[in-house]
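> test case, fold it:
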Amino acid sequence: MVVHIELKETHMFPGNDLKVRGLVPNRQPDAMDRTYTPEVVDENKERGNWSNKVEFMMSCFSYAVGLGTIWRFPYLCYRNGGGAFLIPYIIMYLLAGLPLFFMELAFGQYASEGPITIWKICPLFQGIGYAMFSISFLVAIYYNVIVAWSFYYLFASFTNELPWSHCENDWNTPACARFDGKNCTVLGGLLNTTGHCLFQNESSPELWDSLKAAAGASRMPADEYFHHSVLGISDGIEDIGGIRWQLALCLLLGWIMVFFALLKGVKSFGKAVYFTAIFPYVVMFILLIRAATLPGYIDGIMFYLIPKWERLTEAKVWGDAAMQIFFALSPCWGGLITLASYNTFHNNCFRDSLIVATGNILTAFFAGFVIFGIMGFMAHELGKPVESVATEGAGLAFIAYPEAVSRLPFAPIWSILFFVMLLTLGLGTQFTLLETVVTTIVDSWPDKLRGRNHKWVVLGASCVMFLLGLTMCTRNGMYVLQLLDNHAATFSALIVGLCEIFVIHYLYGVDRFLNDIKVMLKRYPPTYGLWYFMWKYLTPVVIIGLFIFCTVDFAPSSYADVVFPGYVNAIGWVISAVPISLIPIVAIMKISKAKGSLRQRIDSLIKPTPDWGPALHRHRAEADVPRHVDSRVPLTLTVASSMNEEGGDLSDLDPVLEIPEEDGDIGIQMKPTRRV
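Numbering: from 1, shown residues only. The predicted model follows:
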């Protein structure tokens, strides 16, 4: 029997830009025998899915492996005992980092919901979702400013001579010093303003004192370039100054790139992360090879790795390890839930968690060889110990590393490579931050915003955050960024994480959550009892301890030698409090709108709603949860029994791939067609 399949035209889902072609030829048809194969479509057609498994993995890597992986972990490693720091770091990864990472991936994948709407699991605590949204919103504002700095440096690198390689620019001050003092300092001398080495026995006491003062006050050209040319930094946060239009244009460019990367949701996002996730590794490998050929490389690596075992008895070392792993993997911001919500239901999120979280640790460790190899070279050039040039954060990325690169042959090439790497690292994280904001908004009003209107949400969010980011393109912008970085996602993220664990593993139940994971994976995750114990006891204890450590270790915000006024630090605490305050505010609003006595209202609000669970009916049946009424129907094969009743032959039926106007799930229907 020759089966003919009727070709249907492209169907557009109402309110959705997703196109699904009913049938596509898989071989050249002839006049009498045409065979077609259905094209692969999204499992969840209302929200969409990643185009393939690799895109999800790349997006997770791009999100987790951010700027902090490059510019903070190596510094913490050397400051906290070198190679010995890896022991508390790995332990904190196992006790807090991996459990939180796996929990959020499983949580988002099971419900296919964004950070706010997913709290159908416990409506009383939906404020956790709003807190996640606000954290991602605040971080995205200042994170793209760092991307703008990278653009600025990248454009400045397209020259024969890097502008921060000498002290003869308009922005340089008399304190700028470029001389190579290696031989002079080793011999116990000091350089004068003309570059000549003078010794104490050859100088008057007054001259020697002035040379010592000048040496202490001298600044590298890269330092002055960053603060005077790029930032035009003012004397304090109260001195606003004007907008640096070069930075504003770079910030606009950053938001334009993010906008187009997310224009079509996870479909375009998934294509962009191939570059942002892979290219940094290519550049790091190239830079490692170059660094290994430089004098002083071994000194830098030994300084990075030699263990100081006695440091393991210090509480601060363990606190720094927990802080770094917590913020390196970025849980509790809503990003992991957002990324996982676009997975197919039976995706192996446990394996993904192991690969991405472990990959993050290995990347941070690998980056240390690149960073400290270059720092060893710089220390060799300056004739100083490695610890005197080692730094972290913006000081490493925009001062120390550019200064080292400027001393290499073909310096512009290495500078371009480095800042393209910074761009890809920054943009990869920024994509997820904005996608978290957009997904949260769209999921809150799906009927109005999903589909054709999605791009307007992306545009609106990008414009608002660009305008807010202009406050950090002013002369006091660095101080504002420092304030946000200290308060936007520290204490608030820890409290959100603690509340999240309490709701999922105490109110909902860790047993129920593990059963949900079993439905997705078709088996429990390995070592069931270990996950039970960590989620219910160990991980929350670690987070509480980390919160106490942050409180004790907290210092008022400052930058360089500028300490912020008291009222500015008070504003910082308000920034920290805003996300946290949303949790009780939303809870009070929920209780006020519920019916019954106070006890009855709370009891009903801490229980999952009837529509909590998997998005599609067939998956709800697997999970044994009530079937909710929506536009999605399970995959079915319906045969028209009337053919038999009318004496028709089933061979006269042609299988036709039909997509009903009101049904989201694909269905294969059989209907008679006229033979040619």
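> CA only for contacts and neighbour counts going forward, please
Noted.
> just say helix, strand or coil for the residue nearest to Glu55 when sequence neighbours are not counted.
Using Cα to Cα, 6 or more residues apart in numbering and skipping the chain neighbours, the partner closest in space to Glu55 is Gly270 (4.9 Å). Following DSSP: H, G, I helix; E, B strand; the rest coil, Gly270 is assigned to helix.
> can you pull the contacts of Gly270?
Going by Cα atoms under 8 Å, 6 or more residues apart in numbering, Gly270 touches 50-51, 55-56, 58-59.
> how much space between it and Ala277?
11 Å (Cα to Cα, to the nearest Å).
> strands of the stretch 451-600 of the chain, residue ranges please.
558-559, 562-563 (DSSP state E, counting those that start in this stretch).
> just say which of these is most tucked in.
strand 558-559 (a mean of 16; mean count of other Cα atoms under 10 Å).
> pairing partners for it, with directions?
strand 562-563 (antiparallel) (DSSP bridges).
> and the contacts of the strand it pairs with?
Counting by Cα under 8 Å, 6+ apart, residues outside strand 562-563 touching it are 235-236, 556-557.
> pull the most distant pair out of these.
The span of the contacts of strand 562-563, defined through Cα to Cα, is set by Asp235 and Pro556 at 17.6 Å.
> need the CA coordinates for stretch 489-501. CSV is fine.
What follows is stretch 489-501, C-alpha atoms only, in CSV (Å, rounded to 0.1, in the frame of the first residue of the first chain):
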residue,chain,number,x,y,z
ALA,A,489,23.3,41.0,45.0
THR,A,490,25.0,40.2,48.3
PHE,A,491,22.9,40.1,51.4
SER,A,492,19.7,40.1,49.4
ALA,A,493,20.8,37.1,47.3
LEU,A,494,21.7,35.1,50.4
ILE,A,495,18.3,35.7,52.0
VAL,A,496,16.5,34.9,48.8
GLY,A,497,18.5,31.6,48.6
LEU,A,498,17.6,30.7,52.2
CYS,A,499,13.9,31.5,51.6
GLU,A,500,13.9,29.5,48.4
ILE,A,501,15.3,26.4,50.2
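> state the mean pLDDT of that stretch.
Throughout stretch 489-501, pLDDT has a mean value of 92.
> coming back round to it: can you put the contacts of Gly270 in CSV and add neighbour count and distance to Phe125?
Output for those, formatted as CSV (neighbours: other Cα atoms under 10 Å; distance: Cα to Cα, whole Å):
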residue, neighbour count, distance to Phe125
Trp50, 25, 29
Ser51, 18, 32
Glu55, 20, 31
Phe56, 23, 28
Met58, 22, 31
Ser59, 29, 28
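> lowest-confidence member of the residues you listed, which is it?
Ser51 (88).
> against Ala587, how distant is it?
In terms of Cα to Cα, Ser51 sits 37 Å off from Ala587.
> swap in Ala560?
Look at Ala560 and Ala587: by Cα to Cα, they are 41 Å apart.
> more neighbours: which of the two?
Taking neighbours as other Cα atoms under 10 Å, Ala560 and Ala587 compare with Ala587 leading, 18 against 7.
> pretty sure the more buried one is touching Trp119, no?
No: contact criterion Cα atoms under 8 Å: Ala587 and Trp119 do not qualify, at 11.8 Å.
> so for the closest residue to Ala96 other than its chain neighbours, what's the pLDDT?
Using Cα to Cα, 6+ apart and skipping the chain neighbours, the partner closest in space to Ala96 is Thr539 (5.1 Å). Among the per-residue scores, Thr539 holds a pLDDT of 94.
> kindly report the same for the one 5 residues further on.
pLDDT for Ile544: 93.
> ok, Lys384 next?
Reported pLDDT at Lys384 in the predicted model: 74.
> for Leu198, see how far away it is.
17 Å.
> same thing with Ile278?
Taken as Cα to Cα, the span from Ile278 to Leu198 is 50 Å.
> what's the answer for Pro565, then?
From Pro565 to Leu198 the distance is 42 Å (Cα to Cα).
> do Phe279 as well
Relative to Leu198, and taking Cα to Cα, Phe279 is found at 47 Å.
> check Gln126 too.
With distances taken as Cα to Cα, Gln126 is found 68 Å from Leu198.
> compare the two (neighbour count), which wins?
Gln126 (24 against 18).
> in contact with the more buried one, which residues?
Neighbours of Gln126 in contact, by Cα under 8 Å, 6+ apart: 116-117, 119-120, 583, 586-587.
> look at it and report its pLDDT.
95.
> dump the strands of the stretch 451-600 of the chain to TSV, plus mean pLDDT and distance to Val552.
Listed next are those as TSV, based on pLDDT from 0 to 100; distance: least, Cα to Cα, whole Å:
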stretch	mean pLDDT	distance to Val552
strand 558-559	86	17
strand 562-563	86	19
